[in-house]
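Give the three-dimensional model of this entry:
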Amino acid sequence: MNARIVRTTSILSRLISFLGTLLMVALMMPTHAFSQSSPTPVNLGTAGDFVILAKTEISTTGTTGITGDIGISPSAASYITGFALTMDVSNTFSTSSLITGKVYASDYTPPTPTKMTNAISDMATAYTDAAGRKLPDYTERYTGDLSGQTLTHGLYKWSTGVSVSGAGVTISGTATDVWIFQIAQNLELTSGAIVTLSGGAKASNIFWQVAGQVTLGTTVQMQGIILCKTLIAMNTGATLNGRALAQTAVTLNANTVITPDAINSIGADAQQTPVQFLLGQNYPNPFNPSTKIDYNLPFDSKVSLEVYNIIGNRIAQLVNKEQLAGYYSVDFNLSSFNREISSGVYFYRITAVDKTTGNNFSSIKKMILLK
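Numbers count the residues shown, from 1 in each chain. Here you go, the predicted structure:
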């Protein structure tokens, strides 16, 4: 009996010693190894007044649609090409049929030059702030390939480039969470990649600090504030819900760029009329058998909303009529079809023509049917 007690006492003693060692190790480890940080948002200053801001060039080809102001400095307005700018009578800004907003350049009438100098300076300060954040929660996460991953809030750091393939990436968190991605080389999203927000995550709280070049492939759907040291290049059909702030140039090709978080909540406190055109990401996505598509109309418009398969054949027309300004949600339900629709990638496109001005808004997004 005494031998059994001795053995039991010995086992308990070793267990207590082991737990004590674990506790000491835990106390010696840095706090951020256990709790994920909640970084403060990057202060954009007056650079946050622009949806696109560049130092050397802003160019577009194709039918681009921009919601928000754009600006360039120290280059002159002549380095904003493809927009067919019309100078306002004040000579302090210009407009374009492709832009729901104003265009500013360093050679416009005062006070615009000062406005642009301040914005460019604030852009550089914001970049330095984002690049200088310390104690990352994640270092070299997924070795820079974010394809198919889900990223929770925090500070991420890579000494290499970062890529996202057609599998896309999900950014998941609440409306108050913040993401800062420190990327030492290039950021590339290949054609068809979608950055999906979930759980209430907001594009205005996502900051991509990129020391190299940013390339958004065809039909990419990007979310967040891009703070780029060099070029931001958007290829055909790519969309950005965020801001493109480049210390060199921004090049566009039939793109849609809108200020972040343009979707206003629908309810008693919501604005009665949206301030911007917007096509939302369908939800759920992937889906089977039904999904919802939301869109905002700031003006009374003639609206067409269509669904296409991957080879460009139209398989459904969900909307084809005049609609008043407001918030809309449309169901796409397979049960309403009398033919089989297979699993795969599909695209939905909205075209809205402002009944007053005749200006066009068009946007395309990708969705996935998974049976």
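
Quick one: mean pLDDT over stretch 358-371.
The average pLDDT within stretch 358-371 is 87.

Also stretch 225-233?
pLDDT averaged over stretch 225-233 gives 98.

Next, the distance between the ends of that stretch.
14 Å (CA to CA, to the nearest Å).

residues in contact with it?
42, 44, 54, 123, 126-127, 130, 187, 203-204, 206-216, 240, 242-251, 260 (CB atoms under 8 Å, 6 or more residues apart in numbering). Every C-beta, even on glycine, is put in place using the N, C-alpha and C of the backbone.

any idea how far Ala254 is from Lys302?
20 Å (CB to CB, to the nearest Å).

ok, for Ser106, nearest residue in space, not its chain neighbours?
Ser73 (3.9 Å; CB to CB, 6 or more residues apart in numbering).

can you check Thr150 too?
Thr170 (4.4 Å).

and whichever strand or helix holds that neighbour, which strands flank it?
Per DSSP states H and E, Thr170 falls inside strand 169-172. Strand 169-172 has these partner strands in its sheet, going by DSSP bridges: strand 150-151 (parallel), strand 195-198 (parallel).

Least reliable of these by average pLDDT, please.
Among these, strand 195-198 has the lowest mean pLDDT, at a mean of 87.

Need the CA coordinates for that strand. CSV is fine.
The C-alpha coordinates for strand 195-198 follow below in CSV (Å, rounded to 0.1, in the frame of the first residue of the first chain):
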residue,chain,number,x,y,z
VAL,A,195,-11.1,38.7,-53.0
THR,A,196,-14.2,37.8,-51.0
LEU,A,197,-15.2,39.6,-47.8
SER,A,198,-17.0,37.6,-45.1
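
Quick check: next helix or strand after it?
That would be, after strand 195-198 and using DSSP H and E, strand 206-210.

picking that back up, which of Ala254 and Lys302 has more residues huddled nearby?
With neighbours defined as other CB atoms under 10 Å, Ala254 and Lys302 compare such that Ala254 has more, 18 against 15.

separation between the nearest residue to that one once chain neighbours are set aside and Gly237?
Using CB to CB, 6+ apart and skipping the chain neighbours, the partner closest in space to Ala254 is Gly62 (3.0 Å). Distance, Gly62 to Gly237, using CB to CB: 9 Å.

quick one, which of those two is more surrounded?
Gly237 (25 against 12).

secondary structure class for the more buried one?
Recorded secondary structure, Gly237: coil (DSSP: H, G, I helix; E, B strand; the rest coil).

Pull the contacting residues for the closest residue to it other than its chain neighbours.
Ranked by CB to CB, 6+ apart and with sequence neighbours excluded, the top spatial neighbour of Gly237 is Thr219, at 4.3 Å. Shown in contact with Thr219 (CB under 8 Å, 6+ apart): 191-192, 236-238, 347, 364, 366.
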